[in-house]
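Enquirer: what's the 3D shape of this:
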Amino acid sequence: MTRDGGYPLHEVNERFFGMLGMSRRAGKTVVGTELVCREAAGKSKPALVVVSNSASENTKDKIIAKCDHYGVPFVVVALDGEELSRRLGKTGFTATVAITDPGLAREIANACTCKGRESPTDGDGSMGNRG
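Expert: Prediction:
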């Protein structure tokens, strides 16, 4: 695992994909950089933003800056944008996806692993911005 742009890079597993699919089927996802940015700046903030490591540096910087500014938790995952799209039942490339349900977001975050840590949480169980 490497650090990308100074942010921890999280590995994902089948549980991550299962919870992501469940979130999508439940209508609790927002897909796409512009929509995720709008959601982060809106009244009801996403519970978690997932950023593909293969997104452009500009896209990652933009999403992470928005998340930091509005206090939205995020994870940068070691996952190609095409695979993220496929797992969401879409075609093409997906750089970012926001999870709007707090319970599903917690499960998705807990399914990520970061070197030296079990999940992107802050010791107290809450999701932290930097993983």
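Enquirer: contacts and neighbour counts: CA atoms only from here.
Expert: Fine.
Enquirer: need the longest helix for this structure.
Expert: helix 57-70 (DSSP state H).
Enquirer: what sits up against stretch 29-39?
Expert: 23, 45-46, 49, 59, 63, 66, 94-100 (C-alpha atoms under 8 Å, 6 or more residues apart in numbering).
Enquirer: mind listing what Leu88 touches?
Expert: Leu20, Gly21, Arg24.
Enquirer: now the host helix or strand of the first one: buried residues?
Expert: Element membership of Leu20, judged by DSSP states H and E, is helix 14-25. Judged by neighbour count using 16 or more other C-alpha atoms under 10 Å, the buried positions of helix 14-25 are Phe16, Phe17, Met19, Leu20, Gly21, Ser23, Arg24.
Enquirer: so how far is Tyr7 from Phe93?
Expert: 21 Å (C-alpha to C-alpha, to the nearest Å).
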